[in-house]
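>>> heads up, no residue letters with this:
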Ligand code: FES
Ligand code: FES
């Protein structure tokens, strides 16, 4: 039952071979085995969103996902959002518009918002709020986070890349 | 507002990119080769004697490297206030609350450590427990700490002016009682510590998510019995603190203890439940306020009796009760005041500093009562606040020095911005507006060790490196310090780098609490930068044949005031500096301690508590769902005197975040504890506001230019969390005519009140 197995995980386009028990979560596999510590653990109980990653493009809570269930899926973490040495428009917007303070929640928010903008490039304010309702932030009061997503969406719509 | 080259600008945080890419390293992101994992065993009963602890099964588990109990460590107590230390890293003879640490284990991996912790068997002899401060002060209540004859661990009795005379002169006297509940800071980063030991020279290094590295170092030294100079505390990125990361915890002590005993790195990480249960929370507090006013609403005397539920240990007890007292007399001019305050032990989670620290509870009581009184005597509640407003230069009964004060204007402006005239008492049933005022210190002046230092180096290539002891816990302290230095040396932000909060490398700093960082550490950095600039300017002035005072600097260029062509680039200046055989880098030092006489404590002596004071009024508009009892904050306006903001974007962030905290306190959050057992120690059950609850916000600035703060700055981190809760509850009263004097105002209490009113009519 407790037997550990080597799992192959595809994360940010790379292949990781990690030794996991059947009950190892994707969050543990990423943070402790693959040493991708950008994904954060805030509660380990599915309530804060700090551990959000994309699995085949869908935002999932990695603390509620078993590592074995991620085998064969394409995982994207916060480390895979900036491309070619450049921040994504969304990341840049978070930086420029003060959408973070301590930054502990930021990876989770950026993953959720990245999924949102991929599916719905012109979200309304309500749609942004609804999408981010599962991500907790104790520092910012959320106002600047929503604004940063709006500004990024407008930039993307305006054709900036 | 002062807008200079970098000061006064909306500069992004200097480390923001690391935070949005996952590169920023928080304590639990660090790992060292050979690292062991620790776990604490915690008390399952609220009060009892430890009869025995059987660690044999835990020790026998393969992979376990060590198990300790309170008997294995020095009998030394710690605490954040030197005179109020009362906590052992691991309980020795008694446990004082559910969650008290009694033993610690370390093992080669997390799972084994957890298993070993489960195998530690503790036998207790239960003692009757007490859970409410009003019960704990009664004759015959179980005594929580054996060395005291009472459960009152700190108290304050102060009289200012002539209260009897004030009441005698009053047209009306009212007495009301208020209660603020326990809320948790709930930083998203759970507490963690990682320690390593150097077997050659006996150096201990600890990476800890602390707000106060230098105090942690001291508390570790005195409990581990290791000289202070053998301990280095490094603060990695901290994922929010709000006061909860001020105290030392068992994880800090145990990580160091095992690292030293075993010669291997050791990490402890708290689970979310431990954060709720075994760290700190805002003190639940009862305040009875008796106020005498004249017909116009001028406050002539106040008498306040306060009981704070301290939980099982002191933490900041004497300080919190003192703050609660002295800040009654600001932002209103209260000339005659009696304050009797008690910090009382109970067998519950421990109270500690939390954003506002003893003042929010008092503000809730005072601001609610002002609205009650205004209604009773028929004056306008906003008007009554203006009538009583303290103003710059006015004497404060305890000796605070108010150099600048935008409070009265903030009330008027906030009323205007929320539409007070058109809306107060005039909106349809279920909708209302309310406001409340507040003031907060920019750090603490007249207590010991509250100095900050800074070292600034300017290298041959024009790179500016700052060493500062200031602890950035997400509020942006490092960015603000970089802005100040960049401004003075005349370079862009990207040339400035900072190393901070590493006690082995950086100069002394008091840490992040009491909203003192910008003024204290900012002034130290300003002085250090000026030192560098002076050295550079005296050299350049020689070359340009002018006086150093005539020089200006910006954008990596130095020139003569009024004559931009007479100048040279910073890079040329540094080149010539080097070849004139002067030593590089240019090093500047600065140290700043708030102007104060002998270190003292307000408990024993009055005086100017802080270098300066912020002021604010916050106004809320709410909508009450009459079916469901839910209160929606529709709009929140802040009018703020924080002096000159160094970074308006970061100030807004502080303000927006503290409104969220204030809303949580007013409407949602309640760390429920029944018979010592917490019932909602998870984010799911606790429920602080999400993005869905946030109102429309507006912020206005009252311009003042403080003579003490760097560039005229005052605090902006905590003051804005004081008024939102009473403003919201005042607005609820306007909306549905129900006066709530207990927090939080949940849908359940709203519905009960509405029903009661309906039954009456
Ligand atoms: S850590 Fe996964 S939701 Fe909080
Ligand atoms: S920025 Fe600190 S929790 Fe969101």
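The structure has been received and is ready for your questions. On a predicted model such as this, the values are computed, not experimentally measured, just so you know. Residues are numbered from 1 along each chain as shown, chains lettered A, B, ... in the order given. Ligands and ions are numbered 1, 2, ... in the order given.

>>> Residues of chain A that sit close to ligand 1?
A:41, A:42, A:43, A:44, A:46, A:47, A:48, A:49, A:50, A:51, A:61, A:63 (Cβ under 6 Å from any ligand atom). Just so you know, the C-beta spots here come from the backbone N, C-alpha and C atoms, and that holds for glycine as well.

>>> how about a cut-off of 8 Å?
A:27, A:40-52, A:61-64, A:108, A:134, A:136 (Cβ under 8 Å from any ligand atom).

>>> Among those residues, which ones lie close to ligand 2?
Answer for these near ligand 2 (Cβ under 8 Å from any ligand atom): residue A:136.

>>> which among the residues of chain A next to ligand 1 end up buried?
A:27, A:40-52, A:61-63, A:108, A:134, A:136 (16 or more other Cβ atoms under 10 Å in any protein chain shown).

>>> Please list the residues of chain B that sit near ligand 1.
With Cβ under 8 Å from any ligand atom as the criterion, chain B meets ligand 1 at residues B:272, B:683.

>>> any low-confidence regions in chain B?
Scanning chain B for pLDDT under 70 picks out B:446-449, B:597-600.

>>> Among the residues of chain A next to ligand 1, which lie within strands?
In this view, those that belong to strands under DSSP state E are A:52, A:61.

>>> so which of the residues of chain A next to ligand 1 are also by chain B?
Counting by Cβ under 8 Å from any Cβ of the partner chain, A:40, A:41, A:42, A:43, A:44, A:45, A:46, A:47, A:48, A:50, A:134, A:136 from the residues of chain A next to ligand 1 sit close to chain B.

>>> Quick check: phi and psi at the fourth one.
Translated: residue A:43. Note on residue A:43: its backbone torsions stand at phi -140, psi -30 [degrees, to the nearest 10].

>>> Over to residue B:12?
The phi/psi pair for residue B:12 (degrees, to the nearest 10) is phi -60, psi 150.

>>> Now do the SS call for the closest residue to it other than its chain neighbours.
In this structure, residue B:12 finds its nearest non-sequential neighbour in residue A:95, 4.9 Å apart by Cβ to Cβ, 6 or more residues apart in numbering or on different chains. Following DSSP: H, G, I helix; E, B strand; the rest coil, the label given to residue A:95 is helix.

>>> who touches residue B:136 in this structure?
Applying Cβ atoms under 8 Å, 6 or more residues apart in numbering or on different chains, we find residue B:136 in contact with B:130, B:144, B:151, B:344, B:345, B:346.

>>> ok so, going back, in helices only, show me the buried ones among the residues of chain A next to ligand 1.
A:27, A:108 (DSSP state H).

>>> neighbours around residue B:505, how many?
The number of residues packed near residue B:505 is 13, by other Cβ atoms under 10 Å in any protein chain shown.

>>> So it sits against residue B:468, correct?
No. If you go by Cβ atoms under 8 Å, residue B:505 and residue B:468 don't touch, sitting 10.2 Å apart.

>>> shared neighbours of these two, anything?
Shared contacts of residue B:505 and residue B:468, defined by Cβ under 8 Å, 6+ apart, comprise residue B:499.

>>> Next, give phi and psi for residue B:135.
Per degrees, to the nearest 10, the backbone of residue B:135 is at phi -80, psi -40.

>>> Taking chain A, what residue is nearest to chain B?
At 1.8 Å from chain B, residue A:38 is the closest residue in chain A, using Cβ to the nearest Cβ.

>>> List the residues that contact the closest residue to that residue other than its chain neighbours.
Closest residue to residue A:38 apart from its sequence neighbours, by Cβ to Cβ, 6+ apart: residue B:22 at 1.8 Å. Contact analysis of residue B:22 by Cβ under 8 Å, 6+ apart lists A:36, A:37, A:38, A:39, A:77, A:78, A:79, A:107.

>>> Closest to ligand 1 out of the contacts of residue B:136?
Relative to ligand 1, the closest of those is residue B:346; by Cβ to the nearest ligand atom it sits at 30.4 Å.

>>> Tell me how many other residues crowd the closest one.
Neighbourhood size, residue B:346 [other Cβ under 10 Å]: 29.

>>> OK, contacts around it?
Counting by Cβ under 8 Å, 6+ apart, residue B:346 touches B:130, B:131, B:132, B:133, B:136, B:144, B:151, B:309, B:310, B:311, B:312.

>>> Next, format these as a markdown table and append secondary structure.
Formatted as a markdown table, those follow (three-state DSSP):
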| residue | secondary structure |
| --- | --- |
| B:130 | coil |
| B:131 | coil |
| B:132 | coil |
| B:133 | helix |
| B:136 | helix |
| B:144 | coil |
| B:151 | coil |
| B:309 | strand |
| B:310 | strand |
| B:311 | strand |
| B:312 | coil |
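
>>> Just put the residues you listed in TSV and tack on distance to ligand 2.
As requested, the contacts of residue B:346 are exported to TSV (distance: Cβ to the nearest ligand atom, whole Å):
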residue	distance to ligand 2
B:130	35
B:131	31
B:132	32
B:133	32
B:136	35
B:144	34
B:151	36
B:309	27
B:310	27
B:311	25
B:312	28
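
>>> Closest one to ligand 1 out of the residues you listed, please.
The nearest member of these to ligand 1, counting by Cβ to the nearest ligand atom, is residue B:311 at 26.0 Å.

>>> my guess is that closest one meets residue B:351, correct?
Yes. Counting by Cβ under 8 Å, residue B:351 is a contact partner of residue B:311 at 5.0 Å.

>>> which stretches of chain A have low pLDDT?
Applying pLDDT under 70 to chain A flags the ranges A:1-2, A:160-161.

>>> Flag every residue of it that's near ligand 2.
So far as Cβ under 8 Å from any ligand atom goes, chain A lies against ligand 2 at A:100-106, A:109, A:136-140, A:145.

>>> List the residues that contact the residue nearest the centre of chain A.
Closest to where the C-alpha atoms of chain A average out (Cα atoms, centre = their mean) is residue A:111, at 3.0 Å. Applying Cβ under 8 Å, 6+ apart to residue A:111 gives the contacts A:52, A:53, A:54, A:59, A:76, A:77, A:78, A:81.

>>> can you give me the helices for chain A?
Along chain A, counting by DSSP H, helices occupy A:26-28, A:89-96, A:106-119, A:125-132, A:143-157.

>>> Including distance to residue B:434, could those helices go into TSV?
Listed next are these as TSV, based on distance: least, Cβ to Cβ, whole Å:
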stretch	distance to residue B:434
helix A:26-28	43
helix A:89-96	33
helix A:106-119	31
helix A:125-132	25
helix A:143-157	21
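
>>> Pull the number of nearby residues for the residue in chain B that ligand 1 sits nearest to.
Per Cβ to the nearest ligand atom, residue B:683 is where chain B lies closest to ligand 1, at 7.0 Å. For residue B:683, the count of nearby residues is 24 (other Cβ under 10 Å).

>>> before we move on, back to that, for residue A:67, see how far away the closest residue in space to the residue nearest to the centre of chain A that isn't next to it in sequence is.
Of all residues not flanking residue A:111 in the chain, residue A:52 sits nearest, at 4.2 Å (Cβ to Cβ, 6+ apart). Look at residue A:52 and residue A:67: by Cβ to Cβ, to the nearest Å, they are 16 Å apart.

>>> can you pull the contacts of residue B:535?
Counting by Cβ under 8 Å, 6+ apart, residue B:535 has contacts B:586, B:588.
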